[in-house]
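Quick one, what's the 3D model for this:
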Amino acid sequence: MTTPIIFITGHGDVPMSVQAMKAGAIEFLTKAFKDDVLLDGIRGAMERSRAALRQESAMHRLRDCHASLTPRERDVMALVVSGC
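Purely as a prediction, here's the structure:
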């Protein structure tokens, strides 16, 4: 999981914001911004982080369940998933 990044700058432009977003920033703020804009960005970052943790946890549980299957059970599961 990656840490959500809020990019803050005093001299931002469109190419810089595009580069920041491509690099994984979830928000790009140029100074001077209002406090509520930053707080909304932080809240959004925290929710994204929580959602990513929930998804990671669910995937871990699925992997554990899959690892507990016998080879034959895995074969049968593959057939079921493929629609057979």
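
okay, now Val76: neighbour count?
Neighbour count for Val76, taken as other CB atoms under 10 Å: 13. C-beta coordinates here come from the backbone N, C-alpha and C atoms, glycine included.

That one: which element?
helix 71-81 (DSSP states H and E).

ok, now Leu62?
Residue-wise, Leu62 maps onto helix 35-67 under DSSP H and E.

shaky segments in the protein?
Within the chain, the ranges that satisfy pLDDT under 70 run 1.

make it 80
1-2 (pLDDT under 80).

Grab the most central residue of this structure for me.
Ala52 (4.7 Å; CA atoms, centre = their mean).

Ile26 versus that one, what's the distance?
Computed with CB to CB, to the nearest Å, the distance linking Ala52 and Ile26 is 11 Å.

Asp13 now?
19 Å.

More neighbours: which of those two?
Between Asp13 and Ile26, counting by other CB under 10 Å, Ile26 is the more crowded of the two (16 against 10).

sec struct for the more buried one, please.
When classified by DSSP: H, G, I helix; E, B strand; the rest coil, Ile26 comes out as strand.

looking at it, it is touching Ile6, isn't it?
Yes - if you go by CB atoms under 8 Å, Ile26 and Ile6 touch, sitting 6.6 Å apart.

which neighbours do those two share?
Listed contacts common to Ile26 and Ile6 are 41, 45; contacts here mean CB atoms under 8 Å, 6 or more residues apart in numbering.
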